[in-house]
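Novice: build me a model:
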Amino acid sequence: MCGIICFLVRKRPGLWCAWAAYLAVYIFCYYGTRISWNLFFFTFSWEEVGTPVYTFAAWIQSLMILALLIGTVRSFCTFSFPPTRRNGVILVVLWIEFLAYRLLSAPIADLLSAPEIPVTSMWALMALILMAGIASLILLAIVLTLSVRMAAAWRASHC
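Specialist: Numbers count the residues shown, from 1 in each chain. Now for the predicted structure:
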């Protein structure tokens, strides 16, 4: 997988290989064990989810995502995104889309996986949930990168 990326991508192949490797591990962990980075929210909860190993693995995945997001933002440090009205609107729309996507995708997946609602294909449901998670991570990386670049451009113009 990374070999194909290295041949096809000219800029930042290491970053894209890291994202691809993480997504491959995420898919394996999610479908093989139901471990997801979202489980770290249950760390301080009274509700026990899985075993302590699940919580530990969720924290490791969360730290990996954080490292990938920081690496993505740092990798695009030369990218220019000036604080104009048009770019501000684009950024606000992307943030709203990300938040709406995160807030609306979880209840839909829960509704579709309810036992009283027949699902035509469990594989289709799992693919929907997986694609929603991947799209959410990609959208988060884009939004954070643009936010940091706009903040840097704004800070440079006001100093």
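
Novice: longest helix of the chain?
Specialist: Ordering each helix of the chain by length in residues (DSSP state H) puts helix 122-157 first.

Novice: okay, buried residues for it please.
Specialist: Buried residues in helix 122-157, counted by 16 or more other CB atoms under 10 Å: 126, 128-129, 132-133, 137, 139-146, 148-150, 152-153. Using the backbone N, CA and C atoms, a C-beta is placed for each residue, glycine as well.

Novice: identify the residue nearest the geometric centre of this protein.
Specialist: Leu137 (1.6 Å; CA atoms, centre = their mean).

Novice: residue ranges in the chain under the pLDDT threshold?
Specialist: Low-confidence segments of the chain, defined by pLDDT under 70: 40-50, 105-126, 128-130, 158-159.

Novice: the residue nearest to the residue nearest to the centre of the chain when sequence neighbours are not counted - how many residues pack around it?
Specialist: Spatial nearest neighbour of Leu137, excluding adjacent residues (CB to CB, 6 or more residues apart in numbering): Ile65 at 7.0 Å. When neighbours are defined as other CB atoms under 10 Å, Ile65 has 16 of them.
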